[in-house]
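Asker: Sequence first, then the predicted structure:
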Amino acid sequence: MASNKTLNAKNLEALGAERLADLLMETCQGSAVIKRRLRLELAGEQGVKAIASEVRKRLATIKRAKSYIDWNKTKAFLNDLEMQRKMIMEKVAPEDPAEAFELLWQFVGIAGSVYERVDDSNGFVGDEFRFALSLFAELGPKASFKSSPQKEELADRIFTAITNNDYGEYDGLISYLGSTLGDIGLEHLKKLVVAHGKKPMPKELNREDNTIYIVGGSRGISLDKDFARRRRDDFVRYALQEIADQQGDVDAFIAQQTKETKEVPAIAAEIANRLLSVGRAKEALKALDVAKDNSRRGWIPEEWNDARAAALTALGRNDEVQKFHWNCFEQTLSPKHLRALMDLLPDFEDFECEQKAFKFALTFPNVHTALDFFISWPSLEKASALILTRHGELDGNFYEVMSPASNDIQGAYPLAAVLLRRLMIDFSLEKARSSRYKHAARHLLECQSANHVIEDYGNFPSHTYYEAKLRTDHGRKSSFWSLVE
């Protein structure tokens, strides 16, 4: 049972309203954030309009501010932003969604000015604005955009926003508000975008001589006289793609792709998935083949593989689907493709397939990929066998694979776990990676702990010999040994 001194809501209530008010006034003197929160709560007692007014004023203040926000002040600033967003969505939106929509629009609208004066090296401020933008999908349908003029007016606002999208703060806005715009609003927006693409470029950026012009932009400068035109054309293409998706118009989406972009596997997968969604599997397969035939790097992204498997399945070409999954597995040892293949096989054949896959993985050229496969599958027995038989090929630098693998197999296969830890220790000490010494020390202590359960080290050195040699070879690395002892 909690004592009366425990800090919880029940015990605080016992202090009484007057005492709590005094404490809050005392506390808020040193915190602008707490002051603003209390003002918002007081405004809440006067109704939604009062809360909206306070939020609107605060957002306007943030937008007008010019001082730089250093990294050590970012957290407090982020809390302020989060508080304003929560007030919009939790206090205003339930009672007045139209007012909340306007406040959210204002909230996202300050992003550009904020990015210019904040140290957002960790990306948290950007995440807050992107999350706020996504809330339009929830709030838009509840706001007052029912008539055709209202939808067209919203389309005008969206167009203005996305054409002034200097920091990407409005990326995805069309998708989030597509259902709110409806066919009328989307068509109006499409006309605006198409008209924008047909406007002549400014004369100073449209000369045909060989002069190179510096074209400024918020994301940097380009010594390219065609930069502005290409940027405009890219904007039009991406906007029309988003509109096409919202209208469910697959052909309109494909029409925005150039011959070159259709040859990019990731984009081909996007096209194929859209064609598959409307039952056009043959065309989807053809789109994927174009990209594969023109892939310059010989590497196909996983989304392309997924789309091809889906297209073959939709066409009922089951033998080809099975062969395709196996080919993908042979190239990457992907557990996903092996499972997909086994799911297509009848009983007993799936077991044979698994054994065939294990045999193949044991001799896979990249031993680290093979180890990762056996741990992920999982087959700890095969992982141990791989470590023992191909120990000389393993590289202790691959700690992101070896560290979790050693933890997974230490119970059933302690020798294999010890060998992995030795490799990581050796790499850290031989390369003098002092930042890894604490991990290497932990690994050595784990090797010591495992020694009493390993009866036979086989052809590998015993722990006593290994540690003695380690002290001989690296005895002067006192910063490491201090962590061990």
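Answerer: Received, thanks.
Asker: In space, what's closest to Leu423 - neighbours in sequence excluded?
Answerer: Taking CB to CB, 6 or more residues apart in numbering, and ignoring the residues beside it in sequence, Leu423 has Gly396 as its nearest neighbour in space, at 3.7 Å. C-beta coordinates here come from the backbone N, C-alpha and C atoms, glycine included.
Asker: For burial, what's the neighbour tally of that neighbour?
Answerer: Neighbour count for Gly396, taken as other CB atoms under 10 Å: 22.
Asker: ok but it is inside a helix, no?
Answerer: No: under DSSP: H, G, I helix; E, B strand; the rest coil, Gly396 falls outside any helix and is assigned coil.
Asker: for it, what are its contacts?
Answerer: Gly396 sits next to 402, 422-428 when contact means CB atoms under 8 Å, 6 or more residues apart in numbering.
Asker: Over to Gln84?
Answerer: 55, 58-59, 107.
Asker: related to what we said a few turns ago, from the contacts of Gly396, which land in helices?
Answerer: In helices, defined here by DSSP state H, the members of the contacts of Gly396 are 402, 422-428.
Asker: quick one: which of those is nearest Leu312?
Answerer: Distances from Leu312 to these, taken as CB to CB, are shortest for Met402 (36.6 Å).
Asker: what's the burial count for the closest residue to that closest one other than its chain neighbours?
Answerer: Spatially, and ignoring its direct neighbours in sequence, Met402 is nearest to Leu420 (4.6 Å; CB to CB, 6+ apart). Neighbours of Leu420 under the rule other CB under 10 Å: 27.
Asker: Let's check: the centremost residue of this structure is which one?
Answerer: Taking CA atoms, centre = their mean, the centroid of the chain lies closest to Asp127, which sits 10.4 Å from it.
Asker: would you say that residue is within a helix?
Answerer: Yes: assessed with three-state DSSP, Asp127 lies in a helix.
Asker: any idea how far it lies from Gly140?
Answerer: For Asp127, the distance to Gly140 (CB to CB, to the nearest Å) stands at 21 Å.
Asker: Grab the longest helix from the protein for me.
Answerer: The longest helix of the chain (DSSP H) is helix 173-198.
Asker: From the contact counts, what lies against that one?
Answerer: helix 124-134, helix 136-139, helix 148-162, helix 227-247 (3 or more CB pairs under 8 Å, 6 or more residues apart in numbering; DSSP states H and E).
Asker: For the helix or strand Glu400 falls within, buried residues please.
Answerer: Per DSSP states H and E, Glu400 falls inside helix 399-409. Neighbour counts using 16 or more other CB atoms under 10 Å place 399, 401-403, 405-406, 408-409 of helix 399-409 among the buried residues.
Asker: Likewise for stretch 131-141?
Answerer: Neighbour count says stretch 131-141 has 132-133, 135-136, 139-140 buried, by 16+ other CB under 10 Å.
Asker: May I see those arranged in CSV, with distance to Arg308 as well?
Answerer: As requested, the buried residues of stretch 131-141 are exported to CSV (distance: CB to CB, whole Å):
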residue, distance to Arg308
Ala132, 37
Leu133, 33
Leu135, 36
Phe136, 34
Leu139, 38
Gly140, 36
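Asker: quick one, what contacts Leu415?
Answerer: Contacts of Leu415 (CB under 8 Å, 6+ apart): 384, 388, 450, 454, 457-458, 460.
Asker: Point out where the stretch 101-250 of the chain drops to low pLDDT.
Answerer: 203-225 (pLDDT under 70).
Asker: Now the residue nearest to Tyr68 when sequence neighbours are not counted. Its backbone dihedrals?
Answerer: Counting by CB to CB, 6+ apart, Tyr68 lies nearest to Arg117, which is 5.0 Å off, once chain neighbours are set aside. Main-chain torsions, Arg117, degrees, to the nearest 10: phi -130, psi 20.
Asker: ok, now the one 4 residues further on?
Answerer: Comment: the main-chain dihedrals of Ser121 come out as phi -60, psi -30, following degrees, to the nearest 10.
Asker: Same question for Met201.
Answerer: Phi and psi for Met201, reported as degrees, to the nearest 10, are phi -70, psi 150.
Asker: can you check Ile69 too?
Answerer: Here is the backbone geometry of Ile69 (degrees, to the nearest 10): phi -100, psi 110.
Asker: and it, how far is that from Leu103?
Answerer: Distance, Ile69 to Leu103, by CB to CB: 22 Å.
Asker: and if you look at Glu303?
Answerer: Look at Glu303 and Leu103: by CB to CB, they are 37 Å apart.
Asker: which one of the two has more residues nearby?
Answerer: Neighbour count, other CB under 10 Å: between Glu303 and Leu103, Leu103 has more, with 23 against 16.
Asker: leaving aside the residues next to it on the chain, what's closest to the more buried one?
Answerer: Ile88 (4.7 Å).
Asker: what sits against that neighbour?
Answerer: Contact analysis of Ile88 by CB under 8 Å, 6+ apart lists 55, 100, 103-104, 107.
Asker: repeat for Leu104
Answerer: The contact partners of Leu104, by CB under 8 Å, 6+ apart, come to 85, 88-89, 132, 135-136, 139.
Asker: mind redoing it with 10 Å?
Answerer: 55, 84-85, 88-89, 92-93, 97, 132-133, 135-136, 138-140, 143 (CB atoms under 10 Å, 6 or more residues apart in numbering).
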